[in-house]
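> what's the 3D shape of this:
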Amino acid sequence: MWSASRLNKLIWPGMLLLLSACSHTPTLSPAQRDAYLQQFIGQSSDTIYSQLDLSKLGYQQVNEPILSAQQLVYIVQRPVALPLSVAQHPVAGTGSVPIPVAASPSRGYDVNLQCKIIFILKENIAQAVKYTGRTC
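Predicted coordinates:
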């Protein structure tokens, strides 16, 4: 039978990992993201600039949007936390031994994955939207 402390050692890390993953997951699915961005088709670049809320998509804006005659480009990033691996105890083969690292081992290694959201413009009106980058 499993002791309470043994169960706590097994359950808590898993729960923390799930909570961490949830905090870095976009709030919208890809279909919802597409629908959200599609609502800006037919709108002026000024309207898009004032009403687009990238945080709803789980993105952070890297810099100001880039506006040209043909397109309005947003460069965004999605923060992702990669968990650090923990070595197994070499003698017992079970349990774990903490590894000292400079980053916070409870959070893992943070990376920011970039993506471009591009509104194709004609006479300053959005005709289409496309994405580049693997994190879109």
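> which secondary structure elements does the lengthiest strand in the chain contact?
Counting residues, the longest strand found in the chain (DSSP state E) is strand 109-122. Using 3 or more CB pairs under 8 Å, 6 or more residues apart in numbering; DSSP states H and E, the elements in contact with strand 109-122 are helix 45-51, strand 71-82, strand 125-132. Just so you know, the C-beta spots here come from the backbone N, C-alpha and C atoms, and that holds for glycine as well.
> low pLDDT regions in this protein?
In the prediction, the chain carries residues with pLDDT under 70 at positions 1-28, 79-112, 135.
> re earlier: which of the helices and strands packed on strand 109-122 is buried the deepest?
strand 71-82 (a mean of 18; mean count of other CB atoms under 10 Å).
> For Tyr59, which of the helices and strands packed on strand 109-122 is the nearest?
Among the helices and strands packed on strand 109-122, strand 71-82 comes nearest to Tyr59, with 3.8 Å by CB to CB.
> how about the helices and strands packed on strand 109-122 in JSON lines, adding distance to Gln60?
JSON lines is the format used below for these (distance: least, CB to CB, whole Å):
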{"stretch": "helix 45-51", "distance to Gln60": "17"}
{"stretch": "strand 71-82", "distance to Gln60": "5"}
{"stretch": "strand 125-132", "distance to Gln60": "16"}
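> Which among the ones you listed is found nearest to Ile117?
Of all the helices and strands packed on strand 109-122, strand 71-82 comes closest under CB to CB, at 4.4 Å.
> what's the spacing between Gln127 and Leu37?
13 Å (CB to CB, to the nearest Å).
> Cheers, nothing more for now.
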